[in-house]
Structures are given as C-alpha cells and as structure tokens.
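In: Build me a model from this:
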Amino acid sequence: MNKSDFLYLLLGTSYASFKFAKRYISNHLVPEFRYDIELNISNDDPNLTQFTIYPEDNSKKYFNLEDKEVVAILCRNNKVPVWIDISVSKSGNEKTILSLLCAGRYTSDKNELYYNESGSGPFGIKSPNLPYGYKEGIKFKL
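Out: Numbering: from 1, shown residues only. Just a heads-up that it's a prediction; the model follows:
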C-alpha cells in the first residue's frame, strides 16, 4: 500500500471513528485530529515468514502525532500493519486524539488486511473505552 492510499484510509476512518464516538461520549469533539500510536501490541513471533515484523517496535508508543507523521511511521516499504484498531481516546477544545493500536505484522498484500473487505484496509473502528458500569444509551465523559 502506498503512502497516499494509507493516508486516505487513515483520514476516512478517523472521521468515521469520530462520528461513531459521538454516540457514546458527551465531550465536545472537534474534527481536528491527532494520534497516539502503540506499535506491535500483538507481540508477534519474529519467525513468521509471511509478514515483515519489527521486533524493535515492541512497547514503542508515540503521542500527539499529525496524520503525515502517522503515515511515516506505519507505512514502511509499502507495507502496513495487518490491523489497526482506531478509537477516540481524548478530547480537547482544539483537537480530538485518536488511539491507534497496531498489530506487529506488516504486509503489502491487501488480502491480509483485516478490514479490507469493508473498505477500511487495516483500520477497525472501535468504540471509546467504555467506563466500568457503562449502561447502553447513556453518554459518558472521557
């Protein structure tokens, strides 16, 4: 996947995640996005040969990134993580922070991307972290 295609998917799923989060949270959200990334949370076996794995990514985290910085980190040699969970994690007056939890397996094969059939490539839109005791239909603050 080239960087411009990845950026297109990132921006589209960011907006979809933003809209989805509005169902759950009462915070004011603004459509100005920044990203927090956690790499290789799947702790994949470096002996897997079907994928490219970067063991040096274990436990790496990045905060408050712009979209182009995300692309630079996650799109390597036209390969991207096979899945990236995206969700709203924080809100402020000037920006909404989206969390990107990433698999450690990278591929250039679109058929390996978990959400490719739904049109979002590696991105799976998730709800914000629900608080303990969450009741369906009642909005909460982040």
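In: can you point me to the longest helix in the protein?
Out: Among the elements of type helix in the chain, defined by DSSP state H, the one spanning the most residues is helix 3-21.
In: And the contacts of that helix?
Out: Outside helix 3-21, the residues that touch it by C-beta atoms under 8 Å, 6 or more residues apart in numbering are 29, 31, 33, 67-68, 70-72, 74-75, 80, 86-88, 96, 98, 120-123, 125-128. For every residue, glycine as well, the C-beta is placed using N, CA and C.
In: Extract the C-alpha trace of the very next helix or strand once past it and format it as CSV.
Out: As assigned by DSSP states H and E, the chain's next helix or strand after helix 3-21 is strand 33-38. Taking Å, rounded to 0.1, in the frame of the first residue of the first chain, the C-alpha atoms of strand 33-38 are listed here in CSV:
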residue,chain,number,x,y,z
PHE,A,33,-7.3,15.0,14.7
ARG,A,34,-4.1,14.0,16.4
TYR,A,35,-3.0,10.4,17.0
ASP,A,36,-1.4,8.3,19.7
ILE,A,37,0.2,5.1,18.4
GLU,A,38,1.1,1.8,20.2
